[in-house]
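S.K.: Output the structure for:
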Amino acid sequence: MLLAIVLVLLVVGSLVFHFMSPWWFTPLASNWGSIDSTINITFWVTGAVFIAVNIFLAYCVYRYRHQHHRRSHYEPENKKLETWLMAITTVGVAAMLAPGLIVWAKFVEVPAEAHVIEAVGQQWQWSFRLPGKDGKLGTVDTRHISASNPFGINPNDSAGLDDVLVFDSELHLPIDKPVKIELRSKDVLHNFAVSEFRVKMDLVPGLVSYLWLTPTKLGRYDILCMELCGLAHYAMRGNVVVESEADYQRWVNSQATFASSQQRVVGDAQLGKALYATCGGCHGQQGEGNRAMNAPALSGQSASYMARQLVNFKQGIRGQHPKDSYGQQMAAMANLLADQSAIDHVVAYIQSLPKPQLTATISNGDRQSGHGYFVNCGACHGSQGEGNSALNAPALVGLDDWYIKRQLLNFKQGIRGTHNKDTHGRQMMLMARLLNDEQAIDDLLTYINSL
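M.R.: Numbers count the residues shown, from 1 in each chain. Got it, this is the predicted structure:
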């Protein structure tokens, strides 16, 4: 009797939880409402079976409970019962499969008017490629992948010269326009998923898979990797911004093309020398840094990283948190640089300075443990901490360990990386949380100091 009551309560509790639960679908933002309908049909079919089976089981437990004066009836076959069970099961399975097959038929047929975008996944970030004015994506090959050509575009294919490259993990899409997203992985299995779009697809190394959708709602949505792609899999995030056609075109026009990305803009070091005079008051005239002024060495930092951080300071992406007093100071100083050309000149001058001989300030770490932590860092920053500009990952060697420690703590505490335009910072914020405590940070920096 007790078991029968428990079974009934299980059914009732499951129904209450299902209908009263606050966890449900995210708001639909694409044309794939049919996927919701398919999932709902599956819920109803499996829910009906769940209720029927458990109520019947509760009935049998009570009705045929053990009694001394009764004996069981042996009936090895019952064709009528078996026929009914097979018929009902067939109808239930067909009810679940048929809608899915109909939706899948639409899913694999991409509208002719859909524009094409390529999403490239790698541990642990997204990048995107769009056709240029010729409307065609250039051919790619892994043999062409390098620090200056991270997409592996064939430089001899004229169709790829005007391809628009998005090195950021933020993709923009125009509203109410169908888009085919071709998916390519550079290393391991990944999965491109946007919950509000209701579609997702695996990225398989060596293959090009795809999905298509029509965004129907303006907004900003998270891109998730729903395939376990490594220890830091959860940090592989991006964003999709659905906007008007005019805003979308402005965004596309602001991105670099493959041809322009191969023409590196270099500032004038001589012009940068005069601009650097103010910086040298804290960072040293040779960019050697000054810990007493909380100013890290600059001459050992990556040019692309310094340029990006100066832009972030100028635009308020970094240095606005009330607890980031040093960042606030740098934001004020960065605003003294009038434009991007001034930033390029200063960075060019800093690059001309001799690299400083840094003194390690952290000595209580365990190098072997630090090596274990560094495995994840090395995927982007290089196995020797040399950095990789294609992955927006600065060099770690040649930086003051106390400065790196402060930035890791800032990332862990949400002082840095929370701005919605700081996509690289958000990723670092997630990665920094792999370091459980301050000792783990010291272990990591002890290893980096040995490189």
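S.K.: so how far is residue 26 from the one residue sitting closest to the centre of the chain?
M.R.: Among the residues of the chain, the one closest to the centroid is residue 237, at 1.5 Å (CA atoms, centre = their mean). Distance, residue 237 to residue 26, by CB to CB, to the nearest Å: 15 Å. (Glycine included, C-beta is placed from N, CA and C.)
S.K.: got a list of contacts for stretch 219-226?
M.R.: Contacts of stretch 219-226 with the rest of the structure, by CB atoms under 8 Å, 6 or more residues apart in numbering, involve 29, 121, 124, 126, 169, 171, 190-197, 200, 233, 236-242, 420.
S.K.: Give me the distance from it to the chain's centre.
M.R.: 8 Å (CA atoms, centre = their mean, to the nearest Å).
S.K.: do stretch 335-352 as well
M.R.: Distance, centroid of stretch 335-352 to centroid of chain: 30 Å (CA atoms, centre = their mean).
S.K.: Where is the longest helix in the protein?
M.R.: If you go by DSSP state H, the chain has its longest helix at helix 33-63.
S.K.: got the buried residues for that helix?
M.R.: Using 16 or more other CB atoms under 10 Å as the test for burial, helix 33-63 gives 35, 38, 45, 58, 61.
S.K.: Output the contacting helices and strands for that helix.
M.R.: Helix 33-63 is packed against helix 2-20, helix 79-107, with contacts defined by 3 or more CB pairs under 8 Å, 6 or more residues apart in numbering; DSSP states H and E.
S.K.: Would you mind checking the contacts of stretch 219-226 for buried ones?
M.R.: 29, 121, 124, 126, 169, 171, 190-197, 200, 233, 236-242.
S.K.: And the helices in this protein?
M.R.: Using DSSP H, helices in the chain cover 2-20, 33-63, 79-107, 245-253, 258-261, 269-283, 303-315, 325-334, 340-352, 367-381, 401-412, 423-432, 438-449.
S.K.: got the angle for the third one vs helix 33-63?
M.R.: Here helix 79-107 runs at 160 degrees with respect to helix 33-63, directions being taken by axes from the mean of the first three to the mean of the last three CA atoms, to 10 degrees.
S.K.: Now helix 79-107: buried residues?
M.R.: Using 16+ other CB under 10 Å as the test for burial, helix 79-107 gives 96, 99, 100, 107.
S.K.: quick one: average pLDDT of that helix?
M.R.: Averaged over helix 79-107, pLDDT sits at 91.
S.K.: swap in the second one?
M.R.: Averaging the model's pLDDT scores along helix 33-63 yields 90.
S.K.: Now do it against helix 2-20, angle only.
M.R.: Relative orientation of helix 33-63 and helix 2-20, computed by the same axes, to 10 degrees: 160 degrees.
S.K.: Quick one: distance of helix 33-63 to the chain centre.
M.R.: The chain centre lies 36 Å from the centre of helix 33-63; the measure is CA atoms, centre = their mean.
S.K.: what's the answer for the last one, then?
M.R.: Relative to the mean C-alpha coordinate of its chain, helix 438-449 is positioned 26 Å out (CA atoms, centre = their mean).
S.K.: Which strands and helices lie in contact with it?
M.R.: By 3+ CB pairs under 8 Å, 6+ apart, helix 438-449 packs against helix 367-381, helix 401-412.
S.K.: Same question for it: list its buried residues.
M.R.: The neighbour-count check on helix 438-449 (16+ other CB under 10 Å) flags 440, 441, 442, 443, 444, 445, 446, 447, 448, 449 as buried.
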